[in-house]
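Peer 1: Here's my sequence, what's the structure:
(one chain, ligands or ions: 1)
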Amino acid sequence: MISFYIHFPFCIKKCDYCDFLSFPASDEVREEYVDALCREISLYSDISGKNGDNTVSTVFFGGGTPSLLTTEQLDKIMSLLNAGFLVSKDAEISLECNPGTLDLNKLKDIKKLGINRLSIGLQSAVDSELKTLGRIHDFNRFNLTYSDARKAGFDNINIDIMSAIPGQDIESYKRTLTEIVNADPEHISAYSLIIEEGTKFHDLFDCDTNVIAGKNLPSEDDEREMYHMTRCVLGEAGYHRYEISNYAREDYECRHNNVYWTGGEYIGVGLGASSYFCGYRYKNLSDMSEYLSAYGKEKGILSQFGPNPDDLIKDVRLHEEVGLLSVKDKMEEYMYLGLRRTDGVSIRRFTEKFGADIDSIYGPVLEKLIKDGLMIKNGDMFKLTDYGIDVSNVVLSNFLLD
Ligand code: SF4
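Peer 2: Next comes the predicted model:
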């Protein structure tokens, strides 16, 4: 089974807190980029065709703002996937979108192309907070996009929300939670704002006063209360938390993200996209002109690779970072990715995967974390307690091996 992440790095404008690989660009650059992206996908279909391993179970269009792809561009990409791979009938095919970047007709068109899950970046239901974040939409615009998506027949929708926004307080965050619960999506991702280096927020942040552009960041106590409120309000509304920051109705967990958290392999295509394929973790070129030139028509790179995927993966003209995971790396990932999921990690699967007993590798660590109330053992599973999830960054760092 293959999972695809397809990166579309373009946005109408850069949000003030964003450190993703995303930026505005002209229609011409976007078109050139999609052509290069298609050539990259062809490269993989060629190789997987030669290896006879080509069933696609999930596709995720992320960005950036992939809802800026035209219907024709999306059609081209989907046609290429369908021609080069066996896209499973029940494949989960998600597209990230921003309110105001697609209308009812476009939503109907992309549904026909096979996109069956939308992930909408709302962030807040409070207009002043959206403005502070530098988002292009207001709450009204979100409501229009959301209701158009329902009218177009989308029955699997995620909404992203954010806490710890400058100027946000407990009451305004509660309003966002209430509005989102009333909207009744199938899935909710709830993240806390992190001030990342290289963003406008980072430049504007005054760490002495905890203020950004004249707006107070919520205090640590308020942040903690928002965090607990999220779990409580969404839990009461029937959403179960299945990952540290993700909540879903029954049977609506994001299958694509579960591939990441359960150590499954995936192919990332597009600028700066990461992959875990054939045992390698690697990252695409993140400089646009280098990426366009690597997949340029005139290079003829498509004909240069035989059936061995190692040749493609290790090619430094295409990938800026390549590493073959050792058993130790895989064990670490199994633990710190798997423990992000609330049902935890299976003891039996660890033994099957690595031919070693989990206690022989992590025995003392597990014993201490259980003693400290941060983890529990439940049948075949080790998982974090609620307290362990609260301080998950610290807990998960214990699983790095010397
Ligand atoms: S829309 Fe998303 S990817 Fe684009 S700039 Fe804003 S936060 Fe970044």
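
Peer 1: Quick one: residues contacting His319.
Peer 2: Tyr282, Lys283, Asn284, Leu285, Ile313 (Cβ atoms under 8 Å, 6 or more residues apart in numbering). Bear in mind the C-beta positions are built from the backbone N, C-alpha and C, glycine included.

Peer 1: residue contacts, the closest residue to the second one other than its chain neighbours?
Peer 2: Across the structure, with Cβ to Cβ, 6 or more residues apart in numbering as the measure, the residue nearest Lys283 apart from its sequence neighbours is Glu321 (4.3 Å). Contact analysis of Glu321 by Cβ under 8 Å, 6+ apart lists Arg281, Tyr282, Lys283.

Peer 1: how close does Glu321 get to Ile6?
Peer 2: 19 Å (Cβ to Cβ, to the nearest Å).

Peer 1: Could you do Ile389 as well?
Peer 2: As for Ile389, its distance to Ile6 is 31 Å (criterion: Cβ to Cβ).

Peer 1: Asn98 too?
Peer 2: 16 Å.

Peer 1: Looking at the two now, which is surrounded by more residues?
Peer 2: Neighbour count, other Cβ atoms under 10 Å: between Asn98 and Ile6, Asn98 has more, with 26 against 23.

Peer 1: List the contacts of that one.
Peer 2: For Asn98, counting by Cβ under 8 Å, 6+ apart, the contacting residues are Cys11, Ile12, Thr65, Ser67, Ile120, Gly121, Arg135, Ile136, His137.

Peer 1: Quick one: buried ones out of those residues?
Peer 2: Buried members of the contacts of Asn98, scored by 16 or more other Cβ atoms under 10 Å, are Cys11, Thr65, Ser67, Ile120, Gly121, Arg135, Ile136, His137.

Peer 1: List the contacts of the lengthiest strand in the chain.
Peer 2: Identified as the longest strand of the chain according to DSSP state E is strand 86-97. With Cβ under 8 Å, 6+ apart as the contact definition, strand 86-97 has outside contacts at 1, 54-67, 74, 78, 81, 110, 114-121, 145, 156, 158, 254-256.

Peer 1: let's see 6 Å
Peer 2: Residues outside strand 86-97 that contact it (Cβ atoms under 6 Å, 6 or more residues apart in numbering) are 54-63, 66-67, 81, 114-120, 255-256.

Peer 1: cool, stretch 166-175 as well?
Peer 2: So stretch 166-175 is in contact with Ala125, Val126, Glu129, Thr132, Ser163, Ile212, Lys215, Leu217, Pro218, Asp222, Glu225, Met226, going by Cβ under 6 Å, 6+ apart.

Peer 1: Tell me which residues of that stretch come out buried.
Peer 2: Buried residues in stretch 166-175, counted by 16+ other Cβ under 10 Å: Pro166, Gly167, Gln168, Ser172, Tyr173, Arg175.

Peer 1: And the first one, how close does it get to Gly338?
Peer 2: I take that to be Pro166. Distance, Pro166 to Gly338, by Cβ to Cβ: 34 Å.

Peer 1: for the second one, same thing?
Peer 2: In this view, Gly167 and Gly338 are 37 Å apart by Cβ to Cβ.

Peer 1: Can you give me the pLDDT of Arg224?
Peer 2: Reading off the confidence values, Arg224 has pLDDT 92.

Peer 1: same question, Asn393
Peer 2: Per-residue confidence at Asn393 stands at 89 (pLDDT).

Peer 1: if we look at whichever strand or helix holds it, which residues are touching it?
Peer 2: Following DSSP states H and E, one finds Asn393 within helix 392-396. Here helix 392-396 makes contact (Cβ under 6 Å, 6+ apart) with Ile244, Tyr336, Leu374, Gly388.
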